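Engineer: kindly generate the corresponding structure for this input.
(2 chains)
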Number of protein chains: 2
Amino acid sequence: MTQEEMQTTLDAMGKKALSASRALAVLDPGVKSAFLLRMADMIEAEAADIIDANKADLEYGRGKGLSDAMLDRLRLDEKRIAAMAEGVRTVAAQSDPVGKVLEKRLRPNGLEITKVSVPFGVIGIIYESRPNVTVDAAAICLKAGNAVMLRGGSEAFNSNMKLADILDRAGVASGIPSGAVQLVPWRDREAVKMMLKMDRVIDLIIPRGGEGLVRMVTAEATMPVLKHYKGVCHLFVDEKCDIEKAVNIIVNAKCQRPATCNALETLLISKAVLPEFAPHLAAAMRQNNVELRGDEAFCRLIPDTAAASEDDYFAEYLNLTLAVKTVGSVEEAVNHINHYGSRHSDGIISDIEEHIQYFFGNVDSSTLYANASTRFTDGGEFGMGAEIGISTDKLHARGPMGVDELTTYKYLVRGNGQTRA
Amino acid sequence: MTQEEMQTTLDAMGKKALSASRALAVLDPGVKSAFLLRMADMIEAEAADIIDANKADLEYGRGKGLSDAMLDRLRLDEKRIAAMAEGVRTVAAQSDPVGKVLEKRLRPNGLEITKVSVPFGVIGIIYESRPNVTVDAAAICLKAGNAVMLRGGSEAFNSNMKLADILDRAGVASGIPSGAVQLVPWRDREAVKMMLKMDRVIDLIIPRGGEGLVRMVTAEATMPVLKHYKGVCHLFVDEKCDIEKAVNIIVNAKCQRPATCNALETLLISKAVLPEFAPHLAAAMRQNNVELRGDEAFCRLIPDTAAASEDDYFAEYLNLTLAVKTVGSVEEAVNHINHYGSRHSDGIISDIEEHIQYFFGNVDSSTLYANASTRFTDGGEFGMGAEIGISTDKLHARGPMGVDELTTYKYLVRGNGQTRA
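Structural biologist: Here you go, the predicted model:
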């Protein structure tokens, strides 16, 4: 296929997406839920076809020499398909985020101004590897009344095409013009670049994947991007705190799922508590197979610790490594986090209320904790229902993004002939 | 000055901005108001110095052959300086947008999640011509707790430097480290490009000026941009409406200040009402010196009308020209607006409630009107107080942006040792 033919196909997809988005935007909440439930049913009903398509992907992946771990991420079976369908049903059951009255103003001249939530229109999602993202991401976008254009990982191409086709057909069966869910139908990298220039059609791009993907999308996209860069999360053990609770929180934040973005990467310890705290920490970390990299003060107390370099404090390890640093005060802890952190999730473990307040006021991150694990930064844990990701941006949405965060708003103004003086 | 020296100076400015922004973010609302009032007083007290600096700009402008209109926009006198100070006092009197509790959730595990409004941090403003923007824009950003880096038009360079210096000194006198307000201290275009790459420091860029400036900023900036592209605003005269009110609204929307972004550019008329409506419209427009450009149906009824081309329907005239088009239905009107419009402000003049609701639901613009002039899209008219601009973007802020729109939020989570299961 020539670039020109690709562009023509993408333009046609854009038109379909726009037309579907207009229908979705004014859809009755009940019809929208029914559409999502139909999606879930069709996914289960067509499980055999999905598994067939997935087999082709697994074969392609084996040919490309993918690792067993990669192949496992790619694999779809009855159980995983049922889980996808269940996820869609959960999204369907959430309250509708569209048409909420966010504010109402009656002006002295009689104008009635209502601010209401509305869908963005068309959302583009660019993601890697796992085919379940096709269904998860689409369901959340659709619940918020948006059409979606998807571009998944090239290894999952056949599975994604099959899933997107089912989702779009569920829309048509619910009275929505075809185009509610579309997948960019080529493995070609050029297609991504073209998609990222479709700012007349796509209102918002959400990249889901590693830092390389996010950087590429941010650099190339001509429309707004909502992104999650990385999670270099901190905990600060203050001079006065419950040491047992602190150790528990640290073990949970570091070890419960170390490969996630809200896992702990650097621990800051008040120098006043260091002598008492360091042995407890070292024992708990040894027990959990965590490798520590400490500063001078820490290494002096726990001699078998590796020395931390400057790079360690910028690192998102995503594994069982933990950088440790001693700080003289809560101010120093805050400055460290603002300098080395990624504005994701950071916490203080303290019994001193002024320090908690100082920490909350001065750390420039999306989510701050006092005496709890950073692992709670998550749409489900926040009670938002499903999430499409965790934003490390400051514009529009910060932290966990659920269906509400996939809407914008407009002002509706009613008058009876008012003119401006 | 070499590029390297420029970069070094900008980096130092960035550090100062960050440090000031941290102090501003946690400033007591009373201290912040006092700071703004001090700014206003100092602007008036140093009026003679401002006028001196402005004289140098006027001389430079005359040397560059600026038109009388341009020189007038550049000129500052006692009266204009008093107006700037008054503007700052108005901003000072607004309610504080920082620290508002936007949402509170108590989770089953006991975690207490509070979503609070916080400043962005550092906002960059890039603008043209009039030096009063230096004061207006800075005051709104500061009220929302943000530090500002400004880059004004090269003709107003001396006036802007003087004003920014006063504003920053007012900050220092209020206990804020120097850097709350800074102006990029060169006329050089290269400096703008460097500023637009400072994404480690500047959280948000707001361009204020013509389409060329906005395009350049959007293309070059590596941080998020909140922009106002243009206002191609429509009114749709429906088949059933009060013709006298309709004509009044149209005259107001087109003629009251035709050079503004919320002025009317294209009028859509239902073909059912066209024969009755066209003569009234033509008479009113003639009386107000508006040049009409009509479609075939309109030109047939009002024979001396120029024919509208496709380009006319995309045009932001910003003068006394009005494009006119006949449409068969409210659906056709909506499709026209979504295709040719700029998502700014559009209205329907109608007595049919279903049509109003269809219009409100389906036009994809920031502000929609029923039976009122589009000229009301304005922070002041909306009761927001001062505005920094009108966003045609969909992310973060849409429509008029006041101090609330210059904040973001963070989540503060309090626990007593919670860990994730």
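Engineer: hey, let's count contacts and neighbours off CA atoms from now on
Structural biologist: Fine.
Engineer: domain parsing for chain A?
Structural biologist: A:3-228+A:402-411, A:233-376 (automatic domain parsing).
Engineer: rebuild those as CSV, extending it with mean neighbour count.
Structural biologist: Below are the domains of chain A laid out as CSV (neighbours: other Cα atoms under 10 Å in any protein chain shown):
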stretch, mean neighbour count
domain A:3-228+A:402-411, 20
domain A:233-376, 21
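Engineer: I'd like those domains as CSV, with mean pLDDT appended.
Structural biologist: Output for those, formatted as CSV (pLDDT from 0 to 100):
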stretch, mean pLDDT
domain A:3-228+A:402-411, 94
domain A:233-376, 97
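Engineer: so which elements touch the helix or strand harbouring residue A:205?
Structural biologist: Secondary structure from DSSP states H and E places residue A:205 in strand A:204-208. With contacts taken as 3 or more Cα pairs under 8 Å, 6 or more residues apart in numbering or on different chains; DSSP states H and E, strand A:204-208 sits against strand A:122-127, helix A:211-220.
Engineer: which one of those lies closest to chain B?
Structural biologist: Each of these was scored for nearness to chain B using Cα to the nearest Cα, and the closest is helix A:211-220 (7.9 Å).
Engineer: what does the stretch 151-300 of chain A put close to chain B?
Structural biologist: Residues of the stretch 151-300 of chain A lying near chain B by Cα under 8 Å from any Cα of the partner chain: A:203, A:219, A:222, A:224, A:245, A:246, A:248, A:249, A:252, A:253, A:256.
Engineer: dump the helices and strands packed on strand A:204-208 into TSV; add distance to residue A:347 as well.
Structural biologist: Output for these, formatted as TSV (distance: least, Cα to Cα, whole Å):
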stretch	distance to residue A:347
strand A:122-127	30
helix A:211-220	24
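Engineer: for the ones you listed, which one sits closest to residue B:276?
Structural biologist: Of all the helices and strands packed on strand A:204-208, it is strand A:122-127 that lies closest to residue B:276, at 40.0 Å by Cα to Cα.
Engineer: quick one, the closest one and helix A:211-220 angle?
Structural biologist: Going by axes from the mean of the first three to the mean of the last three Cα atoms, to 10 degrees, strand A:122-127 is angled at 140 degrees with respect to helix A:211-220.
Engineer: and strand A:122-127, does that touch chain B?
Structural biologist: No: residues of strand A:122-127 contacting chain B under Cα under 8 Å from any Cα: none, with a closest distance of 11.5 Å.
Engineer: what angle separates that strand from strand A:204-208?
Structural biologist: Using the same axes, to 10 degrees: strand A:122-127 against strand A:204-208 is 20 degrees.
Engineer: closest residue of the stretch 301-421 of chain A to chain B?
Structural biologist: Proximity of the stretch 301-421 of chain A to chain B (Cα to the nearest Cα) peaks at residue A:396, 3.7 Å away.
Engineer: so that residue touches residue B:407, yeah?
Structural biologist: No: the pair residue A:396 and residue B:407 fails to qualify as a contact (Cα atoms under 8 Å) at a distance of 9.9 Å.
Engineer: any idea which helix is longest in chain A?
Structural biologist: helix A:3-25 (DSSP state H).
Engineer: now the angle from that one to strand A:122-127?
Structural biologist: 120 degrees.
Engineer: tell me what residue A:233 is bridged to.
Structural biologist: Counting by DSSP bridges, residue A:233 is bridged to residue A:264.
Engineer: contacts only, for it.
Structural biologist: By Cα atoms under 8 Å, 6 or more residues apart in numbering or on different chains, the residues touching residue A:233 are A:261, A:262, A:263, A:264, A:265, A:266, A:341, A:342, A:344, A:345, A:346, A:374.
Engineer: kindly recompute the last result at 6 Å.
Structural biologist: A:264, A:265, A:345, A:346 (Cα atoms under 6 Å, 6 or more residues apart in numbering or on different chains).
Engineer: gap between it and chain B?
Structural biologist: 15 Å (Cα to the nearest Cα, to the nearest Å).
Engineer: residue B:110 versus that residue, what's the distance?
Structural biologist: 22 Å (Cα to Cα, to the nearest Å).
Engineer: which residues of the stretch 251-400 of chain A fall in strands?
Structural biologist: Listed in chain order, the strands of the stretch 251-400 of chain A (DSSP state E, counting those that start in this stretch) span A:264-270, A:291-294, A:306-307, A:321-327, A:345-349, A:367-372, A:389-391, A:399-401.
Engineer: show me what the first one is packed up against.
Structural biologist: Counting contacts by 3 or more Cα pairs under 6 Å, 6 or more residues apart in numbering or on different chains; DSSP states H and E, strand A:264-270 packs against strand A:233-237, strand A:321-327.
Engineer: strand A:264-270 and the first one, what's the angle between them?
Structural biologist: Orientation check (the same axes, to 10 degrees): strand A:233-237 against strand A:264-270 gives 20 degrees.
Engineer: just the C-alpha atoms of strand A:233-237, please, in CSV.
Structural biologist: The C-alpha coordinates for strand A:233-237 follow below in CSV (Å, rounded to 0.1, in the frame of the first residue of the first chain):
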residue,chain,number,x,y,z
CYS,A,233,7.6,7.5,43.7
HIS,A,234,9.0,8.4,47.1
LEU,A,235,8.2,7.8,50.7
PHE,A,236,9.7,10.0,53.5
VAL,A,237,10.1,8.5,56.9
